[in-house]
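Participant: here is my input; please provide its structure:
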Amino acid sequence: MKLQRRDLLKLGLAVPALAGPGCSSEDRPRDGWDPGELHHLLPTASHTAFNLKASFRHPQDTAPVLRFGRREVVGTRQDSDGRFWAFRAGGLEPGTRHALQLRHPAGHPLCDPWPLATLPAPDARPGRLRIVSFTCAGGPELPIPPSWFHAFKPAIYRRRLFDRMLERAPDLVIANGDHVYYDLPAMAKVRENPLGGLAADLLDGFPGDFDAALPVPGTRNERALIGVGDAQIARIYGTRFRSTPVFFITDDHDYFDNDDATPERVTFPPDVFHRALRDALQRLYFPEFIAPVDSPRDPPGQVEADGVRLSTHFGEMRYGTLFSGLLYDCSGQLGLGRGAGLVPPGAEAWLVDRTQHEDTAHLVHAPSHPMGWTAGKWREWYPDLLESTGSIVEAVRSDADGGKYMWQEGWWQQHQRLLAALCSQRHRRALVVSGDLHALGVARIERSGGLDLGRNPLHSVLSGAVGTGQIGWPSRARGVDPRTPEALGVTTLLALEERNGFTVLDFEGPRCTVRCLRCPDGYVAPERLVLATALRFDLTRA
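Facilitator: Residues are numbered from 1 along each chain as shown. Now for the predicted structure:
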C-alpha cells in the first residue's frame, strides 16, 4: 500500500506516549548533575529577567520555589495536576551569573544547583557571542529497530546531537519550529483507515484522543497533549540546556496541523482549537520570549506574567551592542486577502523598524519559514508550484489559473519589503537563519524580483534538522527536491543537503563566522555521532 507522508509519520505517535515521564539512565545529564524529580528544564533570559519552564516526574502538592542569591520565586502551576511549573524573575542585574536551585517549600532541594546568567545590558560591549541554531527536533519514535526505515531519529540520537551542540559551549540557542509532529487531521485519517490493523494496534494504548469541542486545560485534551509533549520535547531535551538560554520559535506543526490549502480545508491561520493547543504546548514545555523594555519598538502580542513582560510569537535576542536577533512565527498569525502576510502588519512594522535601527554590530532574522528556497508548498513566500515525483503533496493544488491554490500575493510583497529593509542596512551584513526545511544549505540572494541586492546581498542559511529520519526527508516523503524560486537570483554557497545537523554562528567585534555542521549520512549509533563542518564562511562587513 502506498502511504501518504503524514499518515506514515503518524503511525508511531502512540508508542512514546505510553512511556510517560519515567526516567532511564540515558535521560540523565552526562555531566553527573542530579535532576532529582525534574523531568525537563528549559530556560530563557534577557538582560533583566529569567523565564524557566520545568516539569516533574510526579505532581507537586505545593508550589516549588526557585532560589538564587537573596531571591525566592514561587513557581506558577501550568497544568491541572501540578507537574508543570513556570518560574519568572524580573528586575535582575545585567550580565550577572546566578546559582539557581529548586526547593520544596519546606526547604529541602529538589535538584542540584546550576548556573544561569542574565544577558549583557543593551549598552554593554561584550567581546564575543556564540549561537547554535537548529530546526525540526520533534517527532515520535516508530516501533521498529533503528535503521534506514524510520521517519524520525530515535530520542537517544537527538539527545546525543544536543550534547554535541553543548560541547561547543554556545551562549544562546535557537530552536526554530516543529517541536512536535501530531497533525490532528492525519491522525483522524489513520484511525479511520488503520492500514491493515497496524495503526489501530498502536493507537489502542494512546492516553486519549483530542476533542475540539472541549477546552484544552483540565480535560482529556490536556492529557493527550502531555502525552505528545512528554515524548517529543521533555524526553528529548531533559535538563541538559539548564544553563543555556533557549529561544523557541513555533511553526505549523506546533499548532498540531500542516499548512494545507484545498477546497475542502484551509488550515492557517489556525482556528481557536489549534491556537489553544499551540499555546498550551508553550505554556507547559518551553519559555515565552521575554519582551524588551527599552528598545525603540517592542514586538506585538505581549502578555504579563508573574511581573515579567512576555511575548508569545515574536521576540528579540539582544546581546549588548554586539548582536540582535529577531525571531518570528510565520504561521500562527498569517493573513489572507487584503494586506496578507506571513506575519501580521504590526509584526512586520516591528521587524522593519528594528532592522533599520542599527544599534548593534550584527543583526540576524530568524523566521520559521525560509527565504531563498521553495519546496512547492502552499505557505511559502513564493508562488512556485513544483511537480512531485513521489506521493501527491496534499497541501498544494492548482487553482483555475494553474497557480497555487489560495497562495497570497501579499506574502511575496511582504518578503520584498523585509528583504529591502535587510539589504539596505548601511553597516551590517544581511543574514537570515531559518527553520522548516529539513536540510542544511546556504544561499546568497543577489536579486529578488525587481530588487537589486548586489550592494549588500542577503545570506540565507538553512540551520539543519535534528529529528528527521531517512524516510522523512522531503525528497523521499513527498518526491520534491527544494530549489531556488524562479523570482530570485541566487549564488549557492552550500548546496541544499538533506542531512541532520545544526549551525554555529560566532560573532566577535565586526566579524561574523557561520559554520554548518552535519551528521553522517544514514543511521549512526549515537555514541559514534561525529560531526563534520559542511561550510565555514566569513560575513565581516568592510
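
Participant: not counting sequence-adjacent ones, nearest residue to Phe247?
Facilitator: In this structure, Phe247 finds its nearest non-sequential neighbour in Ile174, 5.2 Å apart by Cβ to Cβ, 6 or more residues apart in numbering. Backbone N, C-alpha and C define where each C-beta goes, glycine included.

Participant: same check on Arg265?
Facilitator: Pro185 (7.5 Å).

Participant: distance check, Glu167 against Val530.
Facilitator: 12 Å (Cβ to Cβ, to the nearest Å).

Participant: and if you look at Met406?
Facilitator: As judged by Cβ to Cβ, Met406 and Val530 stand 44 Å apart.

Participant: more neighbours: which of the two?
Facilitator: The neighbour count for Met406 versus Val530, taken as other Cβ atoms under 10 Å, is higher for Met406 (17 against 8).

Participant: for the more buried one, give me its contacts.
Facilitator: Neighbouring residues of Met406 by Cβ atoms under 8 Å, 6 or more residues apart in numbering: 261, 266, 336, 378, 399.

Participant: secondary structure element for the residue nearest to Phe247, which one?
Facilitator: For Ile174, the host element (DSSP states H and E) is strand 172-176.

Participant: CA-only coordinates of that strand in CSV, if you can.
Facilitator: Only the C-alpha atoms of strand 172-176 are listed here, as CSV (Å, rounded to 0.1, in the frame of the first residue of the first chain):
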residue,chain,number,x,y,z
LEU,A,172,22.4,31.1,23.2
VAL,A,173,20.4,28.5,21.3
ILE,A,174,17.6,29.0,18.7
ALA,A,175,15.1,26.1,18.4
ASN,A,176,13.3,27.1,15.2
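
Participant: coming back round to it: which of the contacts of Met406 count as buried?
Facilitator: Those of the contacts of Met406 that meet the buried threshold are 261, 378, by 16 or more other Cβ atoms under 10 Å.

Participant: most widely separated two among the contacts of Met406?
Facilitator: Within the contacts of Met406, Leu336 and Asp399 form the most distant pair, 13.8 Å apart (Cβ to Cβ).

Participant: now Asp230: phi and psi?
Facilitator: Note on Asp230: backbone dihedrals following degrees, to the nearest 10 are phi -60, psi -40.

Participant: can you check the pLDDT for it?
Facilitator: On pLDDT, Asp230 comes in at 96.

Participant: and it, how many residues sit next to it?
Facilitator: 24.

Participant: how much space is there between it and Ala224?
Facilitator: For Asp230 relative to Ala224 (Cβ to Cβ), the value is 11 Å.

Participant: between the two ends of stretch 331-345, how far is it?
Facilitator: End-to-end distance for stretch 331-345, by Cα to Cα, to the nearest Å: 14 Å.

Participant: and the strands in the stretch 201-350 of the chain?
Facilitator: All strands of the stretch 201-350 of the chain, identified by DSSP state E, counting those that start in this stretch, fall at 246-249, 289-290, 302-305, 308-311, 314-319, 323-328.

Participant: other residues contacting the third one?
Facilitator: Contact with strand 302-305 is made by 76, 86, 88, 288, 291, 309-312, as judged by Cβ under 8 Å, 6+ apart.

Participant: among these, which ones are buried?
Facilitator: 86, 88, 288, 291, 309-312.

Participant: redo these as JSON lines? Include pLDDT and distance to Asn456.
Facilitator: Below are the buried ones among the contacts of strand 302-305 laid out as JSON lines (pLDDT from 0 to 100; distance: Cβ to Cβ, whole Å):
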{"residue": "Ala86", "pLDDT": "98", "distance to Asn456": "41"}
{"residue": "Arg88", "pLDDT": "98", "distance to Asn456": "39"}
{"residue": "Glu288", "pLDDT": "97", "distance to Asn456": "33"}
{"residue": "Ala291", "pLDDT": "93", "distance to Asn456": "29"}
{"residue": "Arg309", "pLDDT": "94", "distance to Asn456": "33"}
{"residue": "Leu310", "pLDDT": "95", "distance to Asn456": "33"}
{"residue": "Ser311", "pLDDT": "95", "distance to Asn456": "28"}
{"residue": "Thr312", "pLDDT": "95", "distance to Asn456": "32"}
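
Participant: now, which of the residues you listed sits nearest Phe247?
Facilitator: Glu288 (10.0 Å).

Participant: mind listing what the residue nearest to the closest one when sequence neighbours are not counted touches?
Facilitator: Spatially, and ignoring its direct neighbours in sequence, Glu288 is nearest to Leu310 (4.0 Å; Cβ to Cβ, 6+ apart). By Cβ under 8 Å, 6+ apart, the contact set of Leu310 is 51, 88, 288-291, 302-304.

Participant: format those residues as TSV; extra columns: distance to Phe68.
Facilitator: As requested, these are exported to TSV (distance: Cβ to Cβ, whole Å):
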residue	distance to Phe68
Asn51	14
Arg88	13
Glu288	20
Phe289	21
Ile290	16
Ala291	22
Gln302	25
Val303	24
Glu304	22
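
Participant: quick one on the thing from earlier: any idea which of the contacts of Met406 is least confident?
Facilitator: Within the set of the contacts of Met406, pLDDT is lowest for Asp399 (59).

Participant: can you map out the helices along the protein?
Facilitator: 5-10, 14-19, 155-167, 184-192, 198-203, 220-229, 235-237, 272-285, 345-356, 409-423, 474-477 (DSSP state H).
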